[in-house]
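1. just a sequence and a predicted model for now, questions to come.
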Amino acid sequence: MDTPRIVILASRAGEAVASVLQKLLIGNGLASTYLGSTEPTLGNGPIDSPRRMSLRSDFGIRVILPNDVDGPLSTRDGVVYDLGVMSGAVGVGRCIALLVNVGGIKPDLSGLAGLVVDNVTLTPKADMVAQLRPYAGLLADRIRDLDSGSAAFTMRPSTGLAVHYFVSFLAPVLEALRARRTVVVVEPDRPGQPHCTIVQVSGRLAVCLPESPERATRGAWLSLARRLQLKRVQLRVGPEREDGAPRKYEMWIDPAGALYDAPAAVVSAMESVRRVVVDSTGQDRLPAQTHALHNFRRMLWNLGNEPEQAWMQDRLDILNWNELEHRATGS
């Protein structure tokens, strides 16, 4: 599974702490850990940066030093604002206010009720890596725990779409394949063909997901399916409907009998972001759509790995389109 994406946000005063913490978290297996800054750069002020970074992240850490809150009231308000934006984007339990005690001076900051607050103590001129290493190890374990099981689910459109796809399509299809209560039918390729063909299948299903928002279109999938020599099929289960008719699920099949599906819910996830993230330049929207793809994949993985669904692991593959491109070209 993809590792969670973590942003560490800091002012100029906290850059050194943030940089060391980033390297330690990466060393603890959280490879997708990035740095963000609250300082204005290239016309983007401190109010814009937390929002932009949070749109592409699963967890947010705001490094807070005494210097961040000892100045004017607007500085203190800015720190609280950063935490509010980040917690609103990633979830309250996934946003961490990291209060750094430097030389016996602890940041004095109110307004953090309900947020996750961590405290670390640093001795000036001592090795910062050695001082932060124990905390980074504990934090990495905590993040992994929060990113698995029921705690992994966040209030994002892509989460809801992944859950719906799993419940309404993926779980019943895999259950039907396991119970051998299915008939797979290849539909006629051309008008005038009088009969459908019943085929044998492998009992496995590959869910195919694009890596980038630009490719998350129906047309891109149809082009790839043609190059893979996939054919449309119906998996018929039943009778399960009240009228006695079999339930039908549309998908694809390759010449070897392996089944494939490219979830239309991914396209819906891209459209949800387009409508929610108001952005004329694409600087915010594209990272948010990229994260929606990332989150959709992670949610499917988490759903399929819940204890009661462990049997699915032998029947389900989650593939990148890049892998399928290599198959299509024979490389």
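-> Perfect, I can see it now. Residues are numbered from 1 along each chain as shown.
2. rest of the way, CA atoms for contacts and neighbours
-> Noted.
3. so residue 34: helix, strand or coil?
-> Taking DSSP: H, G, I helix; E, B strand; the rest coil as the rule, one finds residue 34 in the strand state.
4. quick one: it and residue 314, what's the gap?
-> From residue 34 over to residue 314 the distance is 34 Å, taken as Cα to Cα, to the nearest Å.
5. look at these two and report which has more neighbours.
-> Each of residue 34 and residue 314 has its neighbours counted (other Cα atoms under 10 Å); residue 34 has more, 19 against 10.
6. which pLDDT value does the model give the more buried one?
-> Listed pLDDT for residue 34 reads 85.
7. going forward, the N-terminal residue is numbered 58.
-> With the count now opening at 58, the last piece we talked about shows up as residue 91.
8. identify the bridge partners of it.
-> residue 64 (DSSP bridges).
9. that one against residue 80, yeah?
-> No - counting by Cα atoms under 8 Å, residue 91 stays clear of residue 80, with 9.4 Å between them.
10. for stretch 220-235, C-alpha coordinates in PDB please.
-> The C-alpha coordinates for stretch 220-235 follow below in PDB (Å, rounded to 0.1, in the frame of the first residue of the first chain):
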ATOM      1  CA  VAL A 220     -16.600   2.900   0.100                       C
ATOM      2  CA  HIS A 221     -19.600   2.900  -2.300                       C
ATOM      3  CA  TYR A 222     -17.600   1.200  -5.000                       C
ATOM      4  CA  PHE A 223     -16.400  -1.500  -2.500                       C
ATOM      5  CA  VAL A 224     -19.900  -2.100  -1.100                       C
ATOM      6  CA  SER A 225     -21.900  -2.000  -4.200                       C
ATOM      7  CA  PHE A 226     -19.600  -3.600  -6.700                       C
ATOM      8  CA  LEU A 227     -16.300  -5.000  -5.500                       C
ATOM      9  CA  ALA A 228     -17.500  -7.000  -2.500                       C
ATOM     10  CA  PRO A 229     -20.500  -8.700  -4.200                       C
ATOM     11  CA  VAL A 230     -18.500  -9.500  -7.300                       C
ATOM     12  CA  LEU A 231     -15.700 -11.200  -5.300                       C
ATOM     13  CA  GLU A 232     -18.200 -13.000  -3.100                       C
ATOM     14  CA  ALA A 233     -20.000 -14.300  -6.200                       C
ATOM     15  CA  LEU A 234     -16.700 -15.500  -7.700                       C
ATOM     16  CA  ARG A 235     -15.800 -17.200  -4.500                       C
END
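11. just the residues contacting it, thanks.
-> Contacts to stretch 220-235, defined as Cα atoms under 8 Å, 6 or more residues apart in numbering, come from residues 239, 260-262, 292, 294, 306, 320, 322, 356-357, 360, 369, 372-373.
12. quick check: mean pLDDT of that stretch?
-> For stretch 220-235, mean pLDDT rounds to 87.
13. buried set for that stretch?
-> Neighbour counts using 16 or more other Cα atoms under 10 Å place 220, 222, 223, 227, 228, 230, 231, 233, 234 of stretch 220-235 among the buried residues.
14. circling back to that earlier point, just flag the most distant two among the contacts of stretch 220-235.
-> Pairwise distances across those peak at 26.6 Å for 239 and 356 (criterion: Cα to Cα).
15. quick one: which of those two has more around it?
-> Between residue 239 and residue 356, counting by other Cα under 10 Å, residue 356 is the more crowded of the two (25 against 21).
16. was I right to think that one contacts residue 216?
-> Yes - using Cα under 8 Å, residue 356 is in contact with residue 216, at 6.4 Å.
17. for residue 281, give me the pLDDT.
-> So residue 281 comes in at 91 (pLDDT).
18. need the contact partners of the strand or helix carrying it.
-> For residue 281, the host element (DSSP states H and E) is helix 275-284. Residues external to helix 275-284 that are found in contact with it (Cα under 8 Å, 6+ apart): 288, 319, 321, 324, 381, 382, 385.
19. kindly report the same for stretch 182-193.
-> By Cα under 8 Å, 6+ apart, the list of residues contacting stretch 182-193 reads 74, 77, 78, 81, 82, 85, 177, 178, 179.
20. could you redo the last one with a cut-off of 7 Å?
-> Stretch 182-193 has contacts (Cα atoms under 7 Å, 6 or more residues apart in numbering) with 77, 78, 81, 82, 179.
21. these: which two are farthest apart?
-> 82 and 179 (17.7 Å).
22. of those two, which one has the most company?
-> Neighbour count, other Cα under 10 Å: between residue 82 and residue 179, residue 82 has more, with 23 against 18.
23. which element, helix or strand, includes that one?
-> Assigned by DSSP H and E, residue 82 falls in helix 72-84.
24. which residue ranges of this protein form helices?
-> Per DSSP state H, the chain has helices spanning 72-84, 105-111, 123-126, 130-147, 185-203, 214-222, 228-236, 275-284, 321-333, 342-361, 378-386. These are given in chain order.
25. which parts of the first one are buried?
-> The reference is to helix 72-84. Residues 72, 74, 75, 76, 77, 78, 79, 80, 81, 82 are the ones in helix 72-84 that count as buried (16+ other Cα under 10 Å).
26. turn these into TSV, columns for distance to residue 156 and pLDDT.
-> Converted to TSV, the buried residues of helix 72-84 look like this (distance: Cα to Cα, whole Å; pLDDT from 0 to 100):
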residue	distance to residue 156	pLDDT
72	14	90
74	11	94
75	12	93
76	15	93
77	15	95
78	13	95
79	16	95
80	19	95
81	18	96
82	17	95
